[in-house]
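# Below are the sequence and a predicted model; questions follow.
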Amino acid sequence: MENLIKKAANTIANAQNIAALTGAGISVESGIPPFRGQGGVWERIDPMEYAHIDALIQNPVKVWNMLIKEMASMVGVAQPNDGHKGLVRLERQGCLKTIITQNVDGLHQKAGSTDVIEFHGSFAWLRCMQCNKRCETGTADLSVIPPRCECGGIFRPDCIFFGEIIPPDVLMRSHQVSSECELMLVIGTSATVQPAASIPMTAKAATGAVIIEINPEPTPLTEQDSDIFLQGKAGDMMNRIGKFMPSSFGFEI
């Protein structure tokens, strides 16, 4: 493993255009539960009953009380971990250009990342279903559920619910970023949810990009497209990679 970590560090240090694709695994270490898999939110509740756009429209009180209120509270107190911070260090060095995240918790921005494509939107912001005004989730009055906008409309998380499409501009920019990078870091994603799962394949097909995958367990990506697979938690692996990086990258732990 140590040799693989050193190889990953050297590859990252020599790259000029890096993109990152992140999933729930990077935020689990910050106390945000995944939606899918063991211990995920969908083990407790039916996503079609509580996370479909029709359910939100038909019974916003029910959806807010069962799903959104809990998620909003967790997002409000969660703090970035060493996985998020490691990506910030790479951005400040100038080699990591963009993060494409499947997460809706806003932790990359909270850590200091500046170019983040939120593939599924964000729980960190609310949007009025009537006038489209946005406000930060942490500033909303949640004493009344569902919270309401000044116009009287109902606030909803500014994220993608089942039954909604990913905005075309998000898809287009994600494709552009992945098509131009020479290295892609894939961190904490199961690589099974489309269309996000195809992003590393796009990078590989377009430029022959090196794929470095960090995950607790192998994924469909591991054997098919990953050049280096580092099995472990995101924060720990980013710290271990940092030990082999030039001091200019600021990874001193």
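Cool, the structure landed. Numbers count the residues shown, from 1 in each chain.
# Could you report the neighbour count for the closest residue in space to Asn103 that isn't next to it in sequence?
Distances taken as Cβ to Cβ, 6 or more residues apart in numbering put Ser27 closest to Asn103, at 5.3 Å, once the chain neighbours are dropped. For every residue, glycine as well, the C-beta is placed using N, CA and C. Neighbours of Ser27 under the rule other Cβ atoms under 10 Å: 29.
# give me every residue that touches Ser27.
78, 81, 103, 105, 107, 188 (Cβ atoms under 8 Å, 6 or more residues apart in numbering).
# Kindly recompute the last result at 6 Å.
With contact set as Cβ atoms under 6 Å, 6 or more residues apart in numbering, Ser27 has these partners: 103, 105, 107.
# Against Ile100, how distant is it?
Distance, Ser27 to Ile100, using Cβ to Cβ, to the nearest Å: 14 Å.
# Run me through the strand neighbours of the longest strand seen in the chain, direction for each.
Ordering each strand of the chain by length in residues (DSSP state E) puts strand 121-128 first. Sheet pairing for strand 121-128, assigned by DSSP bridges, gives strand 134-136 (antiparallel), strand 155-159 (antiparallel).
# still on that earlier bit, could you confirm the residue nearest to Asn103 falls within a helix?
Yes. Judged by DSSP: H, G, I helix; E, B strand; the rest coil, Ser27 forms part of a helix.
# quick one: pLDDT of it?
On pLDDT, Ser27 comes in at 91.
# same check, this time on the one 4 residues further on
Per-residue confidence for Gly31 comes out at a pLDDT of 85.
# Can you report how many residues lie near the residue nearest to it when sequence neighbours are not counted?
Nearest residue to Gly31, sequence neighbours excluded (Cβ to Cβ, 6+ apart): Ala78, at 5.4 Å. Neighbourhood size, Ala78 [other Cβ under 10 Å]: 18.
# Kindly report the same for Gln231.
14.
# same deal with Gln176?
With other Cβ under 10 Å as criterion, Gln176 counts 14.
# what's the answer for Leu171, then?
A count of nearby residues for Leu171, using other Cβ under 10 Å, gives 15.
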